[in-house]
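> Sharing a model prediction with you, sequence too.
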Amino acid sequence: MGTHWRRASVAGWLVLALCGATAVVRAATSRSPPPERRLSPAERVEVGRAAAAEEPGWRLRSRHSFPGDPWSQDDDFGASERSWAVDEARRRRVPVTDVFGAIDEELHAAGPVAPPRKATASPCKPRPFYD
Amino acid sequence: MTSPLRVAHRVATLAGPRLALFGVLALAACWLPLTRAGALNDFRDSHLLHSYEDAGARTVTRYGQLPLWNPWACGGQYALGSPQTRVASPTLLVSAALGARRAEPVVLWAFLVLGMEGFFRYARRRVGSAVGALAAAPLFGLIGFTALSWSIGWLNFAGFLLLPWLLLGTRRAARGRLSGVALVAGTFALLLGFGGTYPVPMGALFVALETGRTLYTLRAAGRRRALWALGATALFTLGACAFRLWPLVETMRSSPRVMAGTPGNSLETLARMMLELPARSGFSSPGNFFLVAVALALVPVAVALARRRALYPAAGAALCVWMASGYAARPSLFAGLRALPIFSTFRYPERFLLPAGLFITELAALALAALLVRAWRKRTPWAPRLAALACGVVVAGWGVQVHAFANLTRWAPMVEEPPPTPPEAERPFAQARGNRWAQGHFLALNRGSIACGEAWPVPMSARLRGDLPQEEYLEEPAAGTARRVEWTPNRVEVDVVASRPAVLLVNQNWHPGWKASVGEVVSRDGLLAVRLPEGEHRVVLRFLPRSGLGGALVSALAWVGLGFLAWRQRARKGGWGAKALAVSAVPLLVWGVLLVAWNEPVARAAPRNPDGSPMLVASLPPEARPLDVRFDVPVELVAAEVPSAPDAEGFVHMALYWRVTGAVPRTAGIFVHLPGPEGSKRKNADHAVLGGTFFFSDAPRDTLLRDAFAVSTRDWEAGEWKVLVGLWHAGGDGSRIDARGADGKPLHESRVEAGAFTVPPKTQSSGQP
């Protein structure tokens, strides 16, 4: 290999290393805007209670959407809860994580949760059909 | 050779400049993901799959442990036994160093570079032109599906990009090169560790085809040597993959995945998936597998100019398209593939467009090679111009491919970065009820999500709770106290004071890999528990799974064996033959010894209906109505339970009792027609899979199978509804399977009346029956 090509080869490896370094640095330093605010302790209680109040309705709807299939019912309930949590977080301009944290705190504070609410999850049994 | 061509050839053969080109193209394609690194991907699958990686990285960095057990998902699951986790791959180190979310686009970049380089090396040998291979490599490496996979959290599907490395390794191994053996074994091990649910079995399929292709080109003596080498390659690969294969096989045997349905795609749909430029936003099929049309346009050129060399890739591409069309093709190659073990769980036939893309790109490289050869020979005055034009168009195609890739990465629904996860000391781990649609948020809270949405039935306890004051407690509170001393994912330490023999419960799933320093680890309805004698105990629970640790030993031995063979070859002490085969078999023998000598309880599959009731029953309950229907396939409908009216909430819970006495086609499924009072629309409760668990073809023979299902009659008209049951070819031509009643006479319309129920009129106040 001539000197010319050797240099080209070294330059190529350097460019590759530079690309890799750029990727790492870019990924490590990218920042998303911080949340406008966080839920206060009083708001956490309020949000937890609001979600608890919604739960029986979501559960009833899920039972009729997926009769005889508790995992699918829980999964459908989860979709309703997530949708509500995202809307609530948007409305209050707080991270969605805070809303789920408030729901979790309410469940733990409420002690053993009784029907029609649930603090359990049906064992995973995905439906065999997707198409 | 013309000067520009010589320069291009030289540049293409130099690894440095070539990789620089691939690195730059990959960086351009990944720029948006890199810019959004750290944000949370809100797509449901990403919540699940990303949380696995996050949990693995956290286990390494926060607790200094190997990611064997994942307590944050589904109430605790075996990380190595869960097929979609990426925690057994070296990429976990990137996740540990950068954080799992920031690592993803960097890993994506690396896979793109690897994909392009792999294709170059594979195609260069196949088409005989470095320039042709170089020009085509970015078209394959930047295929749209990888971008889509990143967008929706399926980074493990980037493993498809390593397919050329597998084929390259196979060819080298067949020619007796040890580097080929290492390449095949290493790539499969990497893919398995990276959660390659599709890339691994599909890779195996194409390795088998490549083996045939290579053997075909060899002479008799070479073929014999190649067979020895390929045999050893297969054994080494098995050994090298044991660290993941053993946990996976063990887990899937206790919790098999069932995939029904008859997915299909028309040729037009497939063409749009592959050729239509993806939109900048939204989720839709067009462009999911984008491959710039230039590649396809060069296929006829390759076929015309290099007929013999084009034959295999052209046939391969055609087979892949046939496979990708799924059940829409008659006959369906995909249906045939699904009859094989492992492949039976394949859900999306269109994923075969990826290997189709590989073969089409190989043909594009071949076309360029053929044009360049003609340009070099200058047989016709237009040849150099045509070759230059083709190369120019392909290079322009790189830009389109990068643009399409970037468009697909825009589909990722990125939301703000969750607040930093509190340390264990500040917020101790506990299970939350959780939410599988938002699992990422729970990991950020150091909470496990017992709500689980995996694609397979994860072994879970129904006794898991998300509202406990403490995660470790005694089954009988009056028997004493339990206090957590230390908690880490693979090790839990609890002080127990028991005034009498007691059972310590841990709010996580049981797995046979859990061992205790005191007492006996048991499963309490699937919950992790330790049976303890009376007294004061410090109970240390450790997760030491036989399959993970034993598998790692087997894999290490496989690499030692490969190293030994490399040393012998270097010292010219041996080549391929019976000795090499013997060396490659040693790790597998050790595997066998471990299986026999290392006793561990075996988790058995307990087939259940969706409502949780057992499917295998010893006898009929008294309320079941005997039917004794026999079908033209070896299936009997023994009896049925149909209540006379819906329950208080409007549900009708029914059960059918089946017995399978012989081999049944996989297509056989159950139809349940529910005709109601006059003027009402007929309802149905068809299901091809018994209790959501067995196809008739896989169901245990000569056993009573209880198939439970329910319907909600909330919006149904009042009156009598009949329950008519029969069998049909749900995955085939849709025809019904003939049946005879208890009297031996053929049943009208091949269905039997299993019962009837009466929906009462709705009350005005509640709208409920």
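Yep, that arrived. None of these values were measured; they are calculated from a predicted model.
> so where is the chain shaky, pLDDT-wise?
As the question left the chain open, I've gone with chain A. For chain A, the stretches flagged by pLDDT under 70 are A:1, A:130-131.
> I was after chain B.
In chain B (pLDDT under 70), the answer is B:1-3, B:378-379, B:573-575, B:764-769.
> tell me the residue furthest from the middle of it?
Computed with Cα atoms, centre = their mean, the residue of chain B farthest from its C-alpha average is B:Pro381, at 52.4 Å.
> ok, that residue to B:Leu298 distance?
21 Å (Cβ to Cβ, to the nearest Å). No exception for glycine: its C-beta is placed from N, CA and C like everyone else's.
> element containing the most centrally placed residue in chain B?
In chain B, the centroid-proximal residue (Cα atoms, centre = their mean) is B:Thr197; its distance is 2.7 Å. Using DSSP states H and E, no element contains B:Thr197; it sits outside every helix and strand.
> Now it: closest residue in space that isn't a chain neighbour?
Sequence neighbours aside, B:Pro83 is the residue nearest to B:Thr197 in space, at 5.0 Å (criterion: Cβ to Cβ, 6 or more residues apart in numbering or on different chains).
> mind checking the SS state of that neighbour?
coil (DSSP: H, G, I helix; E, B strand; the rest coil).
> for it, what are its contacts?
B:Gly195, B:Thr197, B:Leu248, B:Thr251, B:Met252, B:Trp456 (Cβ atoms under 8 Å, 6 or more residues apart in numbering or on different chains).
> tally of neighbours for the third one?
Okay, so that is B:Leu248. Counted by other Cβ atoms under 10 Å in any protein chain shown, the residues lying close to B:Leu248 total 21.
> Which phi and psi values does the residue nearest to the centre of chain B adopt?
phi -60, psi -40 (degrees, to the nearest 10).
> what's near enough to touch it?
Contact analysis of B:Thr197 by Cβ under 8 Å, 6+ apart lists B:Pro83, B:Gln84, B:Asn156.
> List the residues that contact the second one.
What it means is B:Gln84. Per Cβ under 8 Å, 6+ apart, neighbours of B:Gln84: B:Leu48, B:Leu49, B:Tyr52, B:Asn156, B:Gly195, B:Thr197, B:Glu454, B:Ala455.
> Which of those residues fall in helices?
B:Leu48, B:Leu49, B:Tyr52 (DSSP state H).
> which stretches of chain A form helices?
So, for chain A - with DSSP H - the helices run A:3-29, A:41-65, A:70-92, A:96-109.
> any idea of the angle the last one forms with helix A:41-65?
Translated: helix A:96-109. Using axes from the mean of the first three to the mean of the last three Cα atoms, to 10 degrees, the direction of helix A:96-109 lies 80 degrees away from that of helix A:41-65.
> Show me which positions of the helix or strand encompassing B:Leu408 end up buried.
Secondary structure from DSSP H and E places B:Leu408 in helix B:382-409. Within helix B:382-409, the residues scored as buried using 16 or more other Cβ atoms under 10 Å in any protein chain shown are B:383-384, B:387-388, B:390-391, B:394, B:397-398, B:400-409.
> Same check on stretch B:416-436?
For stretch B:416-436, by 16+ other Cβ under 10 Å, it's B:416-419, B:421, B:429-436.
> contacting residues for B:Tyr327?
B:Tyr327 sits in contact with B:Thr262, B:Pro263, B:Gly264, B:Phe334, B:Ala335, B:Pro349, B:Gly731, where contact means Cβ under 8 Å, 6+ apart.
> So which of those residues are in helices?
Short answer: the contacts of B:Tyr327 in helices (DSSP H) are B:Phe334, B:Ala335.
> Got a ChimeraX select line for the buried ones in the contacts of B:Tyr327?
Per 16+ other Cβ under 10 Å, the buried members of those correspond to this ChimeraX selection:
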select /B:262,263,264,334,335,349,731
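> Farthest-apart pair in the contacts of B:Tyr327, please.
B:Pro349 and B:Gly731 (12.9 Å; Cβ to Cβ).
> Need the nearest residue in space to residue 81, chain neighbours excluded.
Unless you meant another one, I'm taking chain A. Here the residue nearest A:Glu81, using Cβ to Cβ, 6+ apart, is B:Asn435, at 5.8 Å.
> wrong chain, I was asking about chain B
B:Thr251 (3.2 Å).
> Contact distance from chain A - what residues of the stretch 401-550 of chain B qualify?
B:414-419, B:430, B:432-438, B:441-442, B:444-445, B:447, B:450-469, B:526 (Cβ under 8 Å from any Cβ of the partner chain).
> Narrow those to just the buried residues.
By 16+ other Cβ under 10 Å, these give B:414-419, B:430, B:432-438, B:441-442, B:444-445, B:447, B:450-468, B:526 as buried.
> Does B:Gly662 touch B:Pro634 like I think?
Yes: between B:Gly662 and B:Pro634 there is a contact under Cβ atoms under 8 Å: 3.2 Å.
> The two: which has the busier surroundings?
B:Pro634 (16 against 9).
> List phi and psi for residue 93.
You didn't say which chain, so I picked chain A. The phi/psi pair for A:Arg93 (degrees, to the nearest 10) is phi 60, psi 50.
> Now do the strands in the stretch 501-650 of chain B.
Remark: strands assigned in the stretch 501-650 of chain B by DSSP state E, counting those that start in this stretch are B:502-509, B:514-516, B:520-524, B:527-532, B:535-543, B:616-617, B:625-631, B:635-641.
> ok and the longest one relative to strand B:502-509, angle-wise?
This means strand B:535-543. Using the same axes, to 10 degrees: strand B:535-543 against strand B:502-509 is 20 degrees.
> which other residues reach strand B:535-543?
For strand B:535-543, the surrounding residues in contact (Cβ under 8 Å, 6+ apart) are B:68-69, B:485, B:489-498, B:504, B:506, B:511, B:513-519, B:521, B:528, B:530, B:532.
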